[in-house]
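Dropping a prediction and its sequence here:
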Amino acid sequence: ERGAESRFLWQELDIERTRRTRRKAEMLSRALLAAIACHLACSASAAGSLGTPGRLQMRGRSAMRLRGGSTSGMGGAPLLVKPVGGIQRTNSYSSLDESLLTGEKAGKIADVAVPEELVPPVEPPAKPSALGETKRPELAEADKLSIVIISSEVSPYSKSGGLADVADKLGSALAKLGHRVMSVAPMYKTYAGTESTGVKRTFGLFDTGHTVEYCHLYEDVGENKGVDHIFVKHPCYDRAGMYGEGGMDYGDNLFRFALFAWAALEAPLVVPCGGVPFGEDVVFLANDWQSGFVPLILSSHYRRYKVFPKARCVFDIHNMGYQGPFPNPPFSGSEPFSFCDFGLRDNAYYDRFFWVYPESDRAHALDKGEAVKLLKGGIEMSDRVVTVAPSYKDEIMTVEGAWGMEDCVRQRFAHLDGILNGIDLDEWNPMDDEFLKAPYKPYNAQDISGKDECKRALQKQLGLQERKDVPLVCFIGRLAPQKGVDLIEEIFPWLMGHDPTGKGITGDVQLVMMGSGEERYSNFLRRAELENKGKVCGYVGFKRELEHQIIAGADILLMPSRYEPCGLPQLYAQRYGTVPVVHATGGLKDSVVQYNPFQDTDTGYGTGWKFDCADAEGLKFGLWNSLNTYKNYKESWKKLVQRCMLQDFSWEKSALKYVEVFKKAKTEPPYVNPWPFET
């Protein structure tokens with residue numbers, strides 16, 4: 001049943017390999033020029049520059065500069081290289097903007113670097129719980145955990161996708177449960193409200209000392225609880241982007257995130273939060289490949305010096321498509337690096353990170369294709385592994401879903417868990433949504449009449465026919481094959497045309513599509529609207545306000561994604577009573593319950609439709625059944641909408657499951673427990 005998806009993924013890989021082959025000559029030339037430029041720039045750098053000239057790689061996969069610095073190339077600009085492995089970094093979840101340096105609170109970034117001149121953020125008044133929950137009893141001291149969330153981005157300060165939201169919202173939810181929580185992230189800019197702790201630490205990488213400074217910001221989550229946000233300040237992070245610019249990676253990303261791993265592990269030992277450091281008895285939650293060095297340094301350094309004896313590390317996989325591969329040696333003719341270059345005493349556990357590219361991905365006959373993959377090392381070295389959905393946990397052990405690392409994941413089967421992400425119930429609340437101003441009307445599961453008003457307001461705003469009886473279908477997502485936009489294009493004539501069955505299910509339908517991405521799909525949106533005025537709206541771009549309004553006003557949400565680690569729009573949609581029609585993959589499979597009309601009672605069964613195969617026929621199945629129910633079974637549809645709105649997708653629910661995983665890790669011995677150093 002995954003055949004179509006598998007063929008599509010391998011076809012894309014074959015196309016990418018062909019493109020890389022054509023570029024080999026050009027890339028090898030660039031490598032030589034970049035190496036010379038980097039050498040000259042580093043030799044002439046000022047005293048504040050970090051280290052000596054870096055090593056470069058350009059094999060047809062990437063170029064890489066290992067030693068970080070505030071300037072990495074000619075003219076003081078950081079060296080930019082093509083992403084390794086041909087996989088472009090894109091947002092994993094519903095955010096449609098390009099990679100941002102800040103999230104929704106972009107105004108909190110200051111233009112000056114002096115903390116005293118920054119205006120502290122104004123805390124909004126506390127809102128009542130979206131679910132009206134009673135106050136949770138205080139945890140006993142023995143049950144409280146000290147949790148350190150290590151992430152390369154944290155909302156609202158730095159964000160490119162769902163990873164930032166997990167680091168932010170999960171931390172807040174854990175703190176509300178009564179645990180002591182710290183988040184650690186690089187400081188890409190100076191954020192208002194942050195204060196220097198005065199704590200600095202120097203780490204030796206590539207025979208050079210690199211000093212980082214820790215900055216602190218406390219986030220109050222209510223009831224005298226909060227999260228300590230720690231930002232690691234170093235010149236190599238203060239750039240225009242987090243991972244690169246203009247579709248190119250920074251050449252020293254391996255150095256940058258190795259330094260970040262060292263700083264993050266040291267933070268609970270040396271940074272006084274509330275006057276007292278977190279100490280050694282902590283649980284680290286390392287997220288994605290950027291934190292792949294965390295379990296390595298924890299085991300190969302700290303545990304061998306008898307530090308962090310009770311600490312455990314849980315590794316969280318958000319998307320297997322991003323694996324953090326870095327060739328070794330960095331470029332043809334150079335000396336290969338070892339873990340000793342990253343500050344470790346020896347090269348232990350290098351095999352856990354070692355990776356060999358297939359011959360088809362190598363630049364020439366003498367290229368051995370050897371590399372390190374940070375995601376692989378994070379999976380093999382951590383005490384437990386978590387993914388962002390239970391079904392995605394199963395998928396990453398398959399050939400189709402593991403992106404070549406199925407064997408690596410399968411060997412951690414006994415220590416692998418899947419936990420569905422949550423959503424912010426205060427932000428996504430149809431009774432108190434800041435974007436649903438008049439003529440939009442608030443509503444809830446007990447009184448859904450306001451949804452009809454939202455539908456009418458949306459139709460008027462988008463130039464659609466103002467009809468209550470016509471089903472309004474929506475799609476919100478990145479315009480890319482992964483999101484199944486081509487499937488919507490394929491079934492579009494069937495959806496908008498005359499119903500061949502004579503039942504009038506299709507044809508009399510309205511469709512709203514919003515997204516940005518590939519030009520061919522953008523043209524489809526424009527053409528669909530132009531040829532179906534009053535029935536179709538194709539919005540190329542993304543507006544957060546419009547996202548809320550579309551989800552509130554639509555009746556049905558389409559998500560025919562070929563793969564989706566978690567997905568957020570289907571969670572938002574159910575919160576607003578918009579029935580999802582999804583491909584049964586990843587988090588989509590876990591968060592939508594297949595509708596069964598024969599169990600339709602007041603406490604009935606099902607919240608939407610799922611189809612097994614990501615093809616046109618599967619999408620037609622889900623759409624036809626949803627449209628048929630909407631048009632011909634009004635009472636069943638009303639109950640279906642109410643059941644959707646009563647689903648609990650809160651972060652508190654997810655946080656409780658994370659706590660269970662943390663406690664499992666604490667009760668088990670370390671997965672990698674080396675003999676300590678004698679001296």
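Cool, got the structure. Residues are numbered from 1 along each chain as shown.

How many residues are close by the residue lying closest to A445 once chain neighbours are set aside?
Among residues not flanking A445 along the chain, M645 sits closest, at 3.9 Å (CB to CB, 6 or more residues apart in numbering). In short, each C-beta sits where N, CA and C put it, glycine included. Using other CB atoms under 10 Å, M645 has 19 other residues around it.

Run through the neighbouring helices and strands of the longest strand along the chain.
If you go by DSSP state E, the chain has its longest strand at strand 208-222. Counting by 3 or more CB pairs under 8 Å, 6 or more residues apart in numbering; DSSP states H and E, the packing neighbours recorded for strand 208-222 are helix 171-176, strand 195-205, strand 225-233, helix 253-270.

so what pLDDT did L425 get?
Per-residue confidence (pLDDT) for L425: 94.

now the one 4 residues further on
The score at N429 is 96. That number is its pLDDT.

check contacts around D346.
S300, F339, C340 (CB atoms under 8 Å, 6 or more residues apart in numbering).

Flag the shaky bits of the protein, pLDDT-wise.
For the chain, the stretches flagged by pLDDT under 70 are 1-77, 81-136, 600-604, 678-679.

Check it for me, the residue farthest from its geometric middle.
Each residue of the chain has a distance to the centre, and by CA atoms, centre = their mean the biggest one is for G502: 44.4 Å.

what about it, which SS state?
Under DSSP: H, G, I helix; E, B strand; the rest coil, G502 falls in the coil class.

Pull up the gap between Y576 and P358, please.
Using CB to CB, to the nearest Å, one gets 45 Å for the distance from Y576 to P358.

And the two? Which one has more around it.
More crowded of Y576 and P358, by other CB under 10 Å: Y576, with 25 against 10.

The closest residue to D143 other than its chain neighbours and K144: what is the separation?
Spatial nearest neighbour of D143, chain neighbours left out: G178 (7.8 Å); criterion: CB to CB, 6+ apart. From G178 over to K144 the distance is 6 Å, taken as CB to CB.

Those two - which one has more neighbours?
A direct count of neighbours by other CB under 10 Å for G178 and K144 places G178 higher, at 19 against 13.

Wait, a helix at that one?
No - under three-state DSSP, G178 sits outside any helix and is assigned coil.

State the distance from it to D238.
Taking CB to CB, one finds G178 at 36 Å from D238.

ok, now P329?
29 Å.

P268 now?
Taking CB to CB, one finds P268 at 24 Å from D238.

again with N287
On the measure of CB to CB, N287 and D238 end up 21 Å apart.

just M405 next, same as before
From M405 to D238 the distance is 33 Å (CB to CB).

Tell me, how many residues neighbour the nearest residue to G504 once chain neighbours are set aside?
Leaving aside its chain neighbours, G504 sits nearest to K631 (7.3 Å; criterion: CB to CB, 6+ apart). K631 has 17 neighbours, counted by other CB under 10 Å.

which SSE is K631 in?
If you go by DSSP states H and E, K631 is part of helix 616-632.

And that helix, what's buried?
Buried residues in helix 616-632, defined by neighbour count with 16 or more other CB atoms under 10 Å: 616, 618-631.

Can you list the residue ranges for helices in the stretch 251-400 of the chain?
253-270, 293-297, 350-353, 374-381, 390-395 (DSSP state H, counting those that start in this stretch).

outside of the second one, which residues touch it?
So that's helix 293-297. If you take CB under 8 Å, 6+ apart as the criterion, helix 293-297 is touched by 150, 257-258, 261-262, 264-265, 284, 286, 313, 315, 339, 342-344, 349, 352-353, 374, 377-378, 381-383, 672.

mind listing the helices for the stretch 401-550 of the chain?
So, for the stretch 401-550 of the chain - with DSSP H, counting those that start in this stretch - the helices run 406-410, 449-462, 485-496, 519-531, 544-553.

and the next helix or strand after the last one, which strands flank it?
Past helix 544-553, heading to the C-terminal end, the next element that is a helix or strand (DSSP H and E) is strand 556-559. Each strand that pairs with strand 556-559, with its direction, by DSSP bridges: strand 472-476 (parallel), strand 579-583 (parallel).

what's the most buried one of these?
Ranked by mean neighbour count, the strands paired with strand 556-559 are led by strand 579-583 with a mean of 27 (mean count of other CB atoms under 10 Å).

Okay, angle between it and helix 616-632 too, please.
170 degrees (axes from the mean of the first three to the mean of the last three CA atoms, to 10 degrees).

how close does S146 get to L139?
In terms of CB to CB, S146 sits 12 Å off from L139.

Pull up the overlap in contacts between the two.
H179.

which of those two has more neighbours?
Legend: neighbour count by other CB under 10 Å for S146 and L139, higher for S146 (18 against 13).

List the contacts of the more buried one.
Applying CB under 8 Å, 6+ apart to S146 gives the contacts H179, R180, M182, P268, F278, G279, D281, V282, V283.

quick one: the nearest residue to the first one once chain neighbours are set aside and F435, what's the gap?
Excluding its sequence neighbours, the residue lying closest to H179 (CB to CB, 6+ apart) is L145, at 4.7 Å. Here L145 is placed at a distance of 36 Å from F435 (CB to CB).

Name the nearest residue to Y357, ignoring sequence neighbours.
With sequence-adjacent residues excluded and distances taken as CB to CB, 6+ apart, Y357 is closest to G369, at 3.5 Å.

My read is that the one you found contacts F354, right?
No - with contact defined as CB atoms under 8 Å, G369 does not count as touching F354 (11.2 Å).

Looking at those two, which one has more neighbours?
Taking neighbours as other CB under 10 Å, G369 and F354 compare with G369 leading, 17 against 14.

Please identify the most buried of the helices of the stretch 401-550 of the chain.
Of all the helices of the stretch 401-550 of the chain, helix 544-553 carries the top mean neighbour count, a mean of 21, counting by mean count of other CB under 10 Å.

Fine, thanks again, bye for now.
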